[in-house]
Structures are given as structure tokens and as C-alpha cells.
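Chemist: Generate coordinates for the sequence data below:
(one chain, ligands or ions: 1)
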Amino acid sequence: MEDFARDRSKLIPILQKAQGAEGFLSPEAIADISSFLDISENDIYSVASFYAQFRFTRPGDHIIKVCLGTACHVRGGERILESLERALNIQCGQTTEDFKFSLERVACIGCCALAPVMVIDEDVYSKVTPAKIKEVLALY
Ligand code: FES
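Modeler: Have a look, this model is predicted:
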């Protein structure tokens, strides 16, 4: 935090930097920021939880995003999500016990012609079928 002035207006950049370092906002990071900026931890949680960019739990090493935009929904996106939930034994929004994968849903990612689509980290998988799921997961 030495890069930042002790100024409440720096809260968001500090939160972004903390999350960049750990991958999420840990209770310890929130406590440190609270002391540094003299803002209550509750107020920091209130602000951070307003923004979808901030996480409060440790994410998996690989983030799987299943598109459920209109085109992907029509072409079976829900079945892809359900197959992943079964294969990983987690629900959407959760992380596997070994912290290998986190599973999320997203709206359109801009490649509707390739629906249904899922993204793992930066890799886009197109025209995904439930039968392909285990094969794709084995790549990670
Ligand atoms: S709806 Fe899935 S990429 Fe557009």
C-alpha cells in the first residue's frame, strides 16, 4: 500500500491491487486496508461488494466461464453448465475443493456464431457438447 496516499479516494485502486496480488480480497487484506485508510471493514465490504470485479473467496487456478447469452442458451448452454457442475462436483459460482477450477456463468462474450461457448482462462471452446467436457477439463 506504500504506493498509495492514505486517502479514502484510493480505496478502489487499493482493492484492485490487493486482489491482483492474491486473486481475491482476503479478510486479512480487508483488515490491512481498513487500518491504512481508517475506514471500517464493514464499509470496505459494502463498497467492494457493490462491484462485480471483486471476489471474497479464493478462486480456482483455472476460471471456467460458461456463456448463457441468448445464442448459447438456445444452443444448449445450460446443458454445458450442468455437465460441468456434475464433472466438477460443484455448483456454478463455486470452486473445487482442490482449488483447481472455479465455475461461473457469463452473458454473451461476443462469438455467438460459435455457440455454445465456454472459456477456460483465456482459451475459448466453441460448439461445446456435454460429451466434450471431460476431454477439455483433462487439458488443465
Ligand atoms: S451468446 Fe454466447 S457468445 Fe454470444
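Chemist: ok, whatever residue of the chain ends up closest to the ligand - contacts?
Modeler: The minimum distance from the chain to the ligand, using Cβ to the nearest ligand atom, falls at Gly69 (2.5 Å). (Each C-beta comes from the backbone N, C-alpha and C, glycine too.) The contact partners of Gly69, by Cβ atoms under 8 Å, 6 or more residues apart in numbering, come to 77, 106-109, 112, 115.
Chemist: What subset of those is buried?
Modeler: Buried subset of those (neighbour count, 16 or more other Cβ atoms under 10 Å): 77, 109, 112, 115.
Chemist: can you tell me which of the residues you listed are up against the ligand?
Modeler: 109, 112, 115 (Cβ under 6 Å from any ligand atom).
Chemist: Is it possible to get CSV of these that adds pLDDT?
Modeler: Below are these laid out as CSV (pLDDT from 0 to 100):
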residue, pLDDT
Ile109, 94
Cys112, 96
Ala115, 96
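Chemist: Near the ligand, which residues of the chain are found?
Modeler: So the chain meets the ligand at 67, 69-72, 108-112, 115, 117 (Cβ under 6 Å from any ligand atom).
Chemist: Mind checking which of those residues land in strands?
Modeler: With strands taken from DSSP state E, the overlap with the residues of the chain next to the ligand comprises Cys67.
Chemist: so which of the residues of the chain next to the ligand would you say is closest to Glu135?
Modeler: Nearest to Glu135 among the residues of the chain next to the ligand is Val117, at 16.1 Å by Cβ to Cβ.
Chemist: give me the number of residues near Lys17?
Modeler: 15 (other Cβ atoms under 10 Å).
Chemist: Tell me, what's the model's pLDDT at it?
Modeler: pLDDT, Lys17: 95.
Chemist: May I see the buried residues of the helix or strand containing it?
Modeler: For Lys17, the enclosing helix or strand under DSSP states H and E is helix 11-22. For helix 11-22, the neighbour count (16+ other Cβ under 10 Å) marks 11, 14-15, 18-19 as buried.
Chemist: Thanks a lot, catch you later.
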